[in-house]
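Peer 1: A structural model of the following input is requested.
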Amino acid sequence: MRAAVLRGVEDVEVVERDVRRPGSREVLVEVGSVGVCGSDVHYYEHGRVGNFVVTEPLVLGHEASGTVAALGSEVTGHRVGQRVSIEPGVPDFTCAECRSGRYNLCSAVRFMATPPVDGAFCEYVTVHEGFAHPVPETISDDEAALLEPLSVGVWACRKAGVGPGDRVLVSGAGPIGLVTAQAALAFGATEVLASDVNPHRLRLACELGCGDVIDVGTTAVRDTGFEPTVLLECSGNPGATTEAIRTVARAGRVVLVGMGAEEIPLSLSHVQEREIAVAGTFRYANTWPTAIALVASGRVNVAGLVSARFSLDEVESALNYGRRDDKAVKAIVRPSMDVLG
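Peer 2: Numbers count the residues shown, from 1 in each chain. Now for the predicted structure:
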């Protein structure tokens, strides 16, 4: 098969590799679509994300979908030709976190496109049968791939306990913020306000059904009078996070989704006097059935995020897309297609 391999900082080469045979409980998937995530771009630009360092050639891409091409000897729940969305993190199934249902916190999880585990910018991948989720024909390959970022939004809404009557502020209208805002509405939030400094993304938030938006480059949330009961912080920007927390209502809930900042200034008196609950969130667990249902029913539009598509030979262009175009939202790589231009 062909695979786009990161060999070093800003160095991607398409090479020939053997197709790996599926293990006894694995399926072999012919990759249909792969979303480009910010972590892929960070590995490309810096060769590392936090403590994860690329020390040998690595295939990026973890937002993936495709079609089952072969079955392991003990697989019973899948069939060849079945279309699936891939959940990219396979835990060890045995640790205390896994046994408690919090498998996203498994310390031994093998997560695609995280060194040393290869990702899906290639023609075939193998995945444990329990993490290859069948999707209906009404969901496209692109949509099936984007169930991964939607799962981040679903998990954030669950952590925050979003429900009817909630006023939700989604800070940051990038891909994760856009799906998180839609998930909050689907979970029953009465009002959802999305904030960002990018006018194009704010317009897209409106098109995707977000009730209201605010350009925090010109207007502070606190000046709008909007007092959220829930803050879903998706920007990862320290200043934006600090300001957004100050707007949260008494007994409100804050879930930190965006990553990037190691530390933020936080007014403990504000948090304590208002009894605001602040929680972190890391990936997701048991979210795919909900994500599939939300897209299949039309409650969440992930297809609207796609702003460009690239072939496997254009992976490097896909990774550079965001810094070339200020209207970029979500790039998709389709490994089986010829050069798209």
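
Peer 1: Geometric centre of the chain: which residue is closest?
Peer 2: Pro149 (2.4 Å; C-alpha atoms, centre = their mean).

Peer 1: quick one: the strands in the stretch 1-150 of the chain?
Peer 2: Using DSSP state E, counting those that start in this stretch, the strands found in the stretch 1-150 of the chain span residues 2-8, 11-16, 26-35, 48-49, 52-53, 58-59, 63-71, 83-86, 89-90, 110-111, 124-128, 132-134.

Peer 1: between those strands, which one is nearest to Arg99?
Peer 2: Closest of these to Arg99 is strand 89-90, at 15.6 Å (criterion: C-beta to C-beta). (Each C-beta comes from the backbone N, C-alpha and C, glycine too.)

Peer 1: what about the closest one, average pLDDT?
Peer 2: Strand 89-90 shows an average pLDDT of 97 in the prediction.

Peer 1: From the contact counts, what lies against it?
Peer 2: strand 110-111 (3 or more C-beta pairs under 8 Å, 6 or more residues apart in numbering; DSSP states H and E).

Peer 1: Is the closest residue to Thr287 other than its chain neighbours within a helix or a strand, and which one?
Peer 2: Once flanking residues are discounted, Thr287 sits nearest to Ser151: 4.0 Å by C-beta to C-beta, 6 or more residues apart in numbering. Assigned by DSSP states H and E, Ser151 belongs to helix 147-160.

Peer 1: Next secondary structure after that helix?
Peer 2: Next along from helix 147-160, by DSSP H and E: strand 167-171.

Peer 1: Run me through the strand neighbours of that next one, direction for each.
Peer 2: According to DSSP bridges, strand 167-171 forms sheet pairs with strand 191-196 (parallel), strand 230-233 (parallel).

Peer 1: can you give me the helices in the stretch 201-341 of the chain?
Peer 2: 238-245, 268-273, 288-296, 315-324 (DSSP state H, counting those that start in this stretch).

Peer 1: Mean neighbour count for these - can I get that in CSV?
Peer 2: Below are these laid out as CSV (neighbours: other C-beta atoms under 10 Å):
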stretch, mean neighbour count
helix 238-245, 19
helix 268-273, 11
helix 288-296, 20
helix 315-324, 19
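
Peer 1: Nearest to Ala303, out of the ones you listed?
Peer 2: Of the helices of the stretch 201-341 of the chain, the one closest to Ala303 (C-beta to C-beta) turns out to be helix 288-296, at 8.4 Å.

Peer 1: what's that closest one packed up against?
Peer 2: Helices and strands touching helix 288-296, by 3+ C-beta pairs under 8 Å, 6+ apart, are strand 132-134, helix 147-160, helix 175-186.

Peer 1: okay if I get the strands of the stretch 1-150 of the chain as a markdown table plus distance to Thr190?
Peer 2: Output for the strands of the stretch 1-150 of the chain, formatted as a markdown table (distance: least, C-beta to C-beta, whole Å):
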| stretch | distance to Thr190 |
| --- | --- |
| strand 2-8 | 44 |
| strand 11-16 | 45 |
| strand 26-35 | 30 |
| strand 48-49 | 36 |
| strand 52-53 | 39 |
| strand 58-59 | 43 |
| strand 63-71 | 30 |
| strand 83-86 | 30 |
| strand 89-90 | 33 |
| strand 110-111 | 35 |
| strand 124-128 | 39 |
| strand 132-134 | 31 |
